[in-house]
Structures are given as C-alpha cells and as structure tokens.
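# Sequence first, then the predicted structure, then my questions.
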Amino acid sequence: MISARLFAGIACLAMLWSGVAFGADSGATTTLIVNASIVDGTGSPARAGAVRIDGDRIVEVGEVEPKHGERVIDAHGLTLAPGFIDAHSHHEEGLFEMRDASPVVSQGVTTIVVGQDGSMTYPVKELFERMQATPAAVNVATFVGHGSVRSEVMGKDFKRHATADEIARMRSLVAEGMQAGGLGLATGLEYDPGIYSSTEEVVELAKEARRFGGRYISHVRSEDRYFWEALDEIVRIGREAKMPVQVTHMKLAMIDWWGQSERFLGVLERARAEGIDVTGDIYPYDYWHSDLTVLFPKRDFTNRESAQFALDHVSPPDGIILSRYSPEPGLVGLSLAEIAKRKGMDPAATLMDLIARSSDEGADQAIMGKGMTYEDIAALIVWPHASICSDGSLTSMHPRGRGAFTKVLRVYVREQKLLSLEEAIRKMTGLSAAHIGLSDRGVIRPGAYADLVLLDPATVADRSTPEDPLALSVGIEKVWVNGVVVLEGGKATGVFPGKAIRRPST
Ligand SMILES: [Zn+2]
C-alpha cells in the first residue's frame, strides 16, 4: 500500500515534469508519448514503446527517442490505444449544445457513427456543414437514414409499400446523401416509417448506396417475434445488393429466444461462408432503450392480446421502465408493474393506456426494457466480427451512453476475462473502422490520424447506472482527437478538434 502510494506520488511528479517541453530553441511542434503499452487496434499483442504525433497524424511508433524541444508525455506504462469508434451512436443529438461531448470522450470514444436506425437528426450535408461551423470534441461519420428519406418522400402517407416512383425519388435522396459523404444506408425496420417498407424497396435503396461504395447497417425488422425472419432478410439484402451488411446492436430480445446465440451466429456464419460480408455490433447491457410502440410490431396498440404477448414474451412488466413520458412526467423512473399498481389496472391495460395517452402529436415517451440475458451478450460479444457500440445519446438516460466502452473493458476484459485487452480494443477501433470503410483511423501506425486514448486497464470502469445515469467513466486518463488533447484528468479540455468524416472516396 505504502509503496503503491509512493509510486503514485512519484508518477504525479513525473507527470508534472514531463508535461513541460524541455529545451525551447528547436521549435519542434511534435509530441512524443513515451513509456506506453501500445495496443494498436489490430489485435496484435501490446508492446512497449513510444508514439510521435505531428499535427493531426501519428508519424512514428516504436522505440523512438525524444527530439530536442519536443513535448514529451510519460504514459507510465499505461495502455495507449487508438481512440474508440462508436459503431452505432445517437450522440449527435445535442452535440452542438454539448460540444465537449464529455459522456463520449470520457469513455475513450473519439469518433461517433450516426444516422442510425434509419433516422438522421440532420441530412448528411447539413450535419457536415454544422460540424464545420461548430466543431465538437469528437469526429462524426454518418449513414444515410432510410426512414428519413422515406418520410421526406411519403410524408404522413407512409403506412404502405412505396410506389416505383416513390422509390425512385428515395433513390435520388440516398444518392444525394452518399455524394455528401455518407457511409451507406442505415435502416430501422422495426420503427415507423421503415417498418412499412418491402424488402425490395430496401434492396433498391441499398444498391444505390453501393453504387458509391457504401455499406448497409440495420436495426433489423424484428428483434423479438420475427427475429429469425428479420435475420434472413438482412442476409438476403446482402446477397441481392452485393454489399457488406451489419446487424446493428445484436440482440436476442425475446424471452423465447434466450440461450439461442449459437443459432443466431450460425445464421451469420453460414452467410459469411456463402460470401456475404455480414458483421455485427453490440452494447453490453441487458436492457434496451426505445419507445412503447416498438412492443407492437403490428401497430395494434389497442389489442389486448398483443399487449399481453409483449409482456409475456418480450419484456416483463417489472423490466419495462419509463424513461420519458410527457403526458405524466411523474411516472418517469417507474416500472410498468409499479405504474399498473398505482393506477389499479393490470399491466397489459396500463401499457395500452400509456400508449393511448402519448399518441398526440408532440407527446414524448421512451422506455428501457429488459431484453437480453448476460449469457447471450457474452456469447455474441466475443464473435470475431462483432464490434462495440453504445447506441447511446448525450440526451438519453440509458447508462450505455456514458459507459458502454468502459463497461466492456471492466466486465469482459478485467472481471470475466472473456476478451483479451487487445481483442476488446480491436473491437472498439480497427474492426469498427473496417466496418465503415476507414483505413486511417482505429489503428496506431505512422500516417494514421492521431485519435488516441491513454487508459489504465487496472481501473478503467463505467459508473453510469439507471439510478445514477449521469456518472462518467473512470480510468480513461487522456484522449486525443486529431492530435489535440480533449480529455485530461477526467475533464474535458474545452477544445473542439473533431472533424466531419466523409466516406473515403468522397
Ligand atoms: Zn436501434
């Protein structure tokens, strides 16, 4: 204990000293991070060494000696990894009001991939213009959202298949997004308006994205009742559109399917063996965040049988927690079981009542729902083609927005030892970069962007819980975005070096 404290004291002094550039005459503009345990994002074993940054790029890696006049940072043996890439994120919501993005960077995330679930907060061109005018601490890449495009073309008359003419108009909007730098097409086929699309419509639009070298990522058509059909559908889309497809936030979100991760991965592996590049991403929580309507795939919100089915098979009444509810904000934080008790109704009737009362335009509601088992999450998270995502947003109270990445490092690396540190970091960096077609981020090598995270593998941990959702992660010591420090000593530095990341060929 004493020696540990003494060591910490010495380390502190050394940090104070090492943060100061020595010599002043050469005018070197580089930074050298020394004494790091480098985990480079490829899955290769950690190696001791140094990393030199010049401007926004990494220029040297390995046994590198400090240059005269160079800023030197002593990593004290901590792990230096590429900045994490959040494969499925809603963190653009509120980003221009919270430009330091501290919930994100405090997890070590340096790039967020948005436009997910078919829904774009901003069209691609507008998002990137905003990024340019009002940069944030993190980089942003985006898909073109199918639902947004569908809404623009079909308006309120979306509860049907699109006509050939409407699909043609959607195609040109997808093309517009791709030309502005979109990564590909993202769908949310379990939500309005995407749920009303035919597979043929989706294939047509996916092909349009492919024309530009784009990819396809999907919140599949059902994560519960029709999950196996939904999985077949995404495989079919990959086969017919001849492009990489990704099952985003992989789940077995129905009590009936719990324990069937082998069957799930079997479908994906067979598709891969057939030559379809199907991948996944996942977050490490057994409860999701969505809205009440997601429990009714047939949109029959007044059908008691459907309500009861959802509670018996998808998520139990004590596993559904209201996280937003504008018609009666006092209910937020309570479970459906508790609300039912308060109202003196049974849970199915309560569920239908909550939906009816929030159906007015402008009403807002959201829930967290118990949907998974941790056994299934563990089986899916170790799949070599699964990257890590948060599915979080700056404005949401689900703990994943502030702890997904650090929870993987705490639970699956340190506590359960299901993933090596190198493999976990690959899933957060190199693999996610490959899944969106980036080769110059997500890896520590000369020439790559200097998005970096310095972390302590012995202490890194999530702190956010449903009871204390705003708590930030710990053990992330320093974060660089494009060569600039955005987090230090657990605090955002208040600089905004994040860039708009366009698809590489644009
Ligand atoms: Zn989703």
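Here it is on my side, so go on.
# Show me what from the stretch 151-300 of the chain comes close to the ion.
residue 219 (CB under 5 Å from the ion). The C-beta positions use only the backbone N, C-alpha and C, and glycine is treated the same way.
# low-confidence ranges in the stretch 151-300 of the chain?
Applying pLDDT under 70 to the stretch 151-300 of the chain flags no residue at all.
# can you give me the helices in it?
If DSSP state H, counting those that start in this stretch is used as the criterion, the helices of the stretch 151-300 of the chain fall at 164-179, 199-211, 227-241, 261-273.
# Ok, which of those helices comes nearest residue 354?
Evaluated over the helices of the stretch 151-300 of the chain, closeness to residue 354 peaks at helix 227-241, with 24.5 Å, by CB to CB.
# Give me the contacts around the closest one.
With CB atoms under 8 Å, 6 or more residues apart in numbering as the test, helix 227-241 has contacts from 189, 199, 202-203, 206-207, 210, 216, 218, 220-223, 244-245, 247, 252-254, 257, 264, 267-268, 271, 274, 276-278.
# got it, and stretch 251-265?
Around stretch 251-265, the neighbours that count as contacts under CB under 8 Å, 6+ apart are 223-225, 227, 231, 250, 282, 288, 312-316, 369, 371-373, 375-376, 379-380, 383.
# Looking at the stretch 301-450 of the chain, which residue is nearest the ion?
Residue nearest to the ion within the stretch 301-450 of the chain: residue 391 (6.2 Å; CB to the ion).
# can you tell me how far the residue of the stretch 1-150 of the chain found nearest the ion sits from residue 425?
In the stretch 1-150 of the chain, no residue comes nearer to the ion than residue 117, which is 4.0 Å away by CB to the ion. Per CB to CB, to the nearest Å, residue 117 is found 26 Å from residue 425.
# neighbour-wise, which of those two wins?
For residue 117 and residue 425, the more surrounded residue by other CB atoms under 10 Å is residue 425, and the numbers stand at 33 against 26.
# Thought residue 39 was touching the more buried one, still the case?
Yes: counting by CB atoms under 8 Å, residue 425 sits close enough to residue 39 to count as a contact (4.8 Å).
# which residues do the two both contact?
Counting by CB under 8 Å, 6+ apart, the shared contacts of residue 425 and residue 39 are 79, 81.
# count of neighbours near the residue nearest to residue 99 when sequence neighbours are not counted?
Nearest in space to residue 99, with sequence neighbours left out and distances taken as CB to CB, 6 or more residues apart in numbering, is residue 136 at 4.4 Å. Neighbours of residue 136 under the rule other CB under 10 Å: 26.
# can you map out the strands along the stretch 1-150 of the chain?
Using DSSP state E, counting those that start in this stretch, the strands of the stretch 1-150 of the chain run over residues 31-38, 47-54, 57-62, 71-74, 79-82, 84-86, 109-114, 139-142, 144-145.
# Tell me which residue of the stretch 101-250 of the chain lies closest to the ion.
Closest contact between the stretch 101-250 of the chain and the ion, by CB to the ion, is at residue 219 (3.5 Å).
# mind listing what that residue touches?
Going by CB under 8 Å, 6+ apart, residue 219 touches 116, 117, 118, 187, 188, 189, 190, 191, 248, 249.
# element containing the nearest residue to residue 302 once chain neighbours are set aside, please.
Leaving aside its chain neighbours, residue 302 sits nearest to residue 352 (6.0 Å; criterion: CB to CB, 6+ apart). Counting by DSSP states H and E, the element that carries residue 352 is helix 347-357.
# Report the mean per-residue pLDDT for that helix.
Per-residue pLDDT over helix 347-357 has a mean of 97.
# Same check on stretch 478-489?
97.
# Helices of the stretch 351-500 of the chain, start to end?
Counting by DSSP H, counting those that start in this stretch, the helices of the stretch 351-500 of the chain are 374-381, 400-407, 421-428, 430-435.
# if you compare the ones you listed, which one is most tucked away?
Among these, helix 400-407 has the highest mean neighbour count (mean count of other CB atoms under 10 Å), at a mean of 28.
# where's it relative to the chain centroid, distance-wise?
Distance of helix 400-407 from the chain centroid (CA atoms, centre = their mean, to the nearest Å) equals 10 Å.
# hmm, it in reach of the ion?
No: counting by CB under 5 Å from the ion, no contacts exist between helix 400-407 and the ion, the nearest distance being 11.6 Å.
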